[in-house]
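Engineer: sequence plus the predicted model coming up.
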Amino acid sequence: MDSNYIRIDMNKNDDITHLEVMSDEHFGDPKQDLGLLLKRQNAILDDPNRYTAFGGDMLNNIMPKDKRWSLDASSLNSLTLEKQAWQDAHEELFKENLKLLNKGKPPKIWYGLDGNHEINDYNVDHHWMVELFEPHGIKYLGSSGFVGVEFFYKNKAIRRYKLAVAHGFGGGSSPLKSLENFMENKIADVYLMGHFHHKATDEQLVFDYDWKTKEYVERKVLLGNTGNFTNSILRGNTSWFERRNKLKPSPPGTITVSFNPYEGDFNWHG
Ligand SMILES: [Zn+2]
């Protein structure tokens, strides 16, 4: 676990800042939707107020020794080639990230996490993940972590948001149940996960006592499962999902969390 701090100096006091996390890209999976991934990446690059992060499972990494492997499981069958494909697809984004950092501006990519498809492999360790992210100026948090985002206007602090982020853990349960379990011992405004390949969001209230007003306060929290970039079934091919009864396929895509520091609010949309 680690954390990152992002300072955003707004051009206009009512600027809205968006975070669209790219999780579960699964480079090497023949079912990957690369077209959608590149489309979202272009949208992120085209909007100076739109940021991203890597939510884990960047690589599919199902190799012949893996019990999940089959002749159809991987289109690359090499961790080196999957890493190369990930880097090639994100070349423009990584360039922009380093350019912004060199100018002392907030990075385009707020954090990077490992997913089960990376870290459960004995060939992948902490140092391997650092080597994946840090040459591109991406702060590696581990499997979960925190991000503090602070908004300034004309050098005056306007609003702070705390993000608790994880790739996601376990199987079987629903994304929202898993997010609620993650939330149990963490204090944040926004809780984000991937892993379930299923976009899902919820708004809840938590309660606290405020010494300034000497009253209890209600505080909104946002729970979001950020989606994925893989299809469930490969048209014209036999695939794993067809042989599972209880799993619900969902369309690929991401959610966007929008921060409105001027109104002190934050929201999401799919
Ligand atoms: Zn995944």
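Structural biologist: All right, it came through fine. Since we're looking at a predicted model, the values are computed, not measured.

Engineer: flag the shaky bits of the stretch 151-270 of the chain, pLDDT-wise.
Structural biologist: For the stretch 151-270 of the chain, applying pLDDT under 70 flags the ranges 170-173.

Engineer: quick one, helices of it?
Structural biologist: Along the stretch 151-270 of the chain, counting by DSSP state H, counting those that start in this stretch, helices occupy 175-183.

Engineer: got the residues of it near the ion?
Structural biologist: In this structure, the stretch 151-270 of the chain does not approach the ion anywhere, judged by CB under 5 Å from the ion. (Each C-beta comes from the backbone N, C-alpha and C, glycine too.)

Engineer: all strands of the stretch 151-270 of the chain, in order?
Structural biologist: Listed in chain order, the strands of the stretch 151-270 of the chain (DSSP state E, counting those that start in this stretch) span 156-166, 190-193, 200-210, 215-225, 227-228, 253-254, 256-260, 265-269.

Engineer: what lines up beside the last one in the sheet?
Structural biologist: Within its sheet, and counting by DSSP bridges, strand 265-269 is paired with strand 256-260 (antiparallel).

Engineer: tell me the angle of the strand it pairs with relative to strand 215-225?
Structural biologist: 150 degrees (axes from the mean of the first three to the mean of the last three CA atoms, to 10 degrees).

Engineer: contacts for strand 256-260?
Structural biologist: 14, 16-20, 50, 149, 151, 159, 161, 190, 192, 222, 224, 266-270 (CB atoms under 8 Å, 6 or more residues apart in numbering).

Engineer: got the buried residues for it?
Structural biologist: 256-259 (16 or more other CB atoms under 10 Å).

Engineer: still on that earlier bit, for the strands of the stretch 151-270 of the chain, which one ends up most surrounded?
Structural biologist: strand 227-228 (a mean of 28; mean count of other CB atoms under 10 Å).

Engineer: contacting residues around that one?
Structural biologist: The set of residues external to strand 227-228 that reach it, using CB under 8 Å, 6+ apart, is 23-26, 57, 194, 197-199, 250, 252-255.

Engineer: and of those residues, the nearest to residue 97?
Structural biologist: Closest approach between these and residue 97, by CB to CB: residue 25, at 16.1 Å.

Engineer: can I assume that closest one sits in a helix?
Structural biologist: No: checked against DSSP: H, G, I helix; E, B strand; the rest coil, residue 25 lies outside a helix; its state is coil.

Engineer: what residues are up against it?
Structural biologist: Residue 25 neighbours (CB under 8 Å, 6+ apart): 32, 37, 54, 57-59, 86, 228-229.

Engineer: repeat that for residue 238.
Structural biologist: With CB under 8 Å, 6+ apart, residue 238 has these contacts: residue 72.

Engineer: just list what the helix or strand hosting residue 39 packs against, helices and strands only.
Structural biologist: Applying DSSP states H and E as the criterion places residue 39 in helix 34-46. For helix 34-46, the elements it packs on are strand 17-22, strand 50-54, helix 79-89, helix 91-102, strand 253-254, judged by 3 or more CB pairs under 8 Å, 6 or more residues apart in numbering; DSSP states H and E.

Engineer: quick one: contacts for the residue nearest to residue 50 when sequence neighbours are not counted?
Structural biologist: Excluding its sequence neighbours, the residue lying closest to residue 50 (CB to CB, 6 or more residues apart in numbering) is residue 18, at 4.5 Å. Taking CB under 8 Å, 6+ apart, we find residue 18 in contact with 47, 49-51, 256-259.

Engineer: residue 18 bridge partners, please.
Structural biologist: Bridge pairing for residue 18 - DSSP bridges - gives residue 50, residue 258.

Engineer: which ones are touching residue 268?
Structural biologist: Counted by CB under 8 Å, 6+ apart, residue 268 has contacts 201, 222, 224, 255-258.

Engineer: export these to JSON lines and tack on distance to residue 138?
Structural biologist: Shown next, in JSON lines, are the contacts of residue 268 (distance: CB to CB, whole Å):
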{"residue": "201", "distance to residue 138": "25"}
{"residue": "222", "distance to residue 138": "23"}
{"residue": "224", "distance to residue 138": "20"}
{"residue": "255", "distance to residue 138": "20"}
{"residue": "256", "distance to residue 138": "19"}
{"residue": "257", "distance to residue 138": "18"}
{"residue": "258", "distance to residue 138": "22"}
